[in-house]
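Student: A predicted structure for the sequence below; I have some questions about it.
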Amino acid sequence: MSKAVVSSLYDSDVFRMACRQFDKAADAISLPEAVRDRTKYPRRCLAVSLPVKRRDGSVTVFEGYRVQHNLSTGPSKGGIRFHQDVTLGEVAALAMWMSWKTSLVGLPYGGAKGGVIVNPSELDENELEHLSRRYMQEMVNFVGPHVDVPAPDVGTNEKIMGWMMDTYSNHAGHVESAVVTGKPIALGGSQGRREATGAGVAYLTKRYLEDLGIPVDRATVAIQGFGNVGSETALALAAYGAKIIAISDYTGGIHNAKGIDLAKAIAYVRYQKTLHDFHEGEAITNEQLLELPCTVLAPCALERVITDQNAAKLKCRVLAEGANGPTTNAADKIIEARGDIELIPDVLCNSGGVIVSYFEWLQNLSNFYWSRDEVLQKLFAMLDKAKAAVDAQKGKFKFSRRLAALTLGIQRVADAKAARGLFP
Ligand code: GLU
């Protein structure tokens, strides 16, 4: 039988990277041809124009996307990114990773992602609200509590999720909290959701340090990216006793071997918006941060920052992927060959965010709310279970930890697709 021609719609470095990861994993578990491409490619996408009236009265049209990769095991799930470099291909790759992530940790979801090409820091609050509402307005027939459930990602936050929930609810004619997660607590947001991704990254890092026999209070940590994930990871690791020796954002970073005062850094960013000119250590670049000697390196920003250019120069013992797709496939090979770095792959490492999103959705659907302790306890139990499954798969097949995680995630999606059969 001839192979179908694959559309070039998503073609980009990052989409090809996600596809190659899939191919490698599919080969490793001998995924049958009949289910391969069905499992690999995104199911559908929507591209929208978003006209926004600016403060000077002019109108700017932004472009936005939503890619639903897989809906075979439940509604699709994944964040919405507001960033000037968003592309459809990037959103598709991120949607694909959401599928493997939700499947790996056993959530009844598929994977999706959204994105808008915009630098949100260039919009005032009104413009941001209009853009967020317009995005949801365009998505009203494409998302829903049982169809596709968005959440925050890079450049979006609770407030934006609140506006989106309000927009959708106004259309529905009733409160529909379960349409997005990561909402303010006042609108049905979950206790613990804001810190969930970072809390999960820190928890898993601590668990892997324990496996290595390294006391967490002797660990030094460098964190690239000081947004929601990076800052919460830093706080949680510091609470476990680790020393945070470097942090950064897109303006650059700082290094302080004595440990960075996180409360000061967070207060500084709250008012200054970036870490630029934060003089609590020596100024370094993001590239330098990645190559610092440290126990734990946590890339918590964007994709493809660890490459074949710097992978050989990493000086960490644990690489905790708080971001999605921070390590290119070429870098992965180098890290594997080195054999001296424990890599906690993104689909496992940062899954705490979507796990607590699932808890939020459950609470919204049942109108029964949990305490923060309950949320965190359930989160850590799910992470422990996923970690154990990944490490068992790694040991059984002599896979890298990434391959172990991806094969588990992909296998479950493929099994569901095979079991459902093909609708004529
Ligand atoms: N954007 C987050 C992620 O990449 C969270 C997604 C969600 O909570 O649905 O996993």
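Tutor: Cool, the structure landed.

Student: for this protein, which helix or strand comes out least confident on mean pLDDT?
Tutor: helix 33-40 (a mean of 94; mean pLDDT, DSSP states H and E).

Student: next, give phi and psi for the residue of the chain found nearest the ligand.
Tutor: Closest residue of the chain to the ligand, C-beta to the nearest ligand atom: Gly79 (2.7 Å). Placement of C-beta: from N, CA and C, glycine included. With angles defined as degrees, to the nearest 10, Gly79 sits at phi -80, psi 180.

Student: now swap in the one 3 residues further on and tell me
Tutor: Backbone geometry at Phe82, expressed as degrees, to the nearest 10, gives phi -110, psi 110.

Student: quick one, what contacts the residue lying closest to it once chain neighbours are set aside?
Tutor: Among residues not flanking Phe82 along the chain, Gly155 sits closest, at 3.4 Å (C-beta to C-beta, 6 or more residues apart in numbering). Contact analysis of Gly155 by C-beta atoms under 8 Å, 6 or more residues apart in numbering lists Arg81, Phe82, His83, Val118, Pro120.

Student: for the last one, list the residues it contacts.
Tutor: Contacts here follow C-beta under 8 Å, 6+ apart; on that basis Pro120 touches Phe82, His83, Leu128, Gly155, Thr156.

Student: switch the cut-off to 10 Å
Tutor: By C-beta atoms under 10 Å, 6 or more residues apart in numbering, the contact list for Pro120 reads 81-84, 127-128, 131-132, 154-157, 160.

Student: same question, the second one
Tutor: Residues in contact with Phe82 (C-beta under 10 Å, 6+ apart) are 62, 64, 114-121, 123, 128, 131-132, 135, 152-157, 160.

Student: cool, the first one as well?
Tutor: For Arg81, the contact set (C-beta under 10 Å, 6+ apart) comprises 64-65, 90-91, 94, 113-118, 120, 152-156, 302, 324.

Student: so which of the residues you listed are in helices?
Tutor: Taking DSSP state H, the ones among the contacts of Arg81 that sit in helices are Glu90, Val91, Leu94.

Student: which of those sits closest to Ala263?
Tutor: Among the ones in helices among the contacts of Arg81, Leu94 lies closest to Ala263 (C-beta to C-beta), at 31.6 Å.

Student: near the ligand, which residues of this protein?
Tutor: Applying C-beta under 6 Å from any ligand atom, we find that the chain lies next to the ligand at Lys77, Gly78, Gly79, Ala151, Asp153, Thr181, Asn324, Asn350, Gly353, Val354, Ser357.

Student: cheers, nothing more for now.
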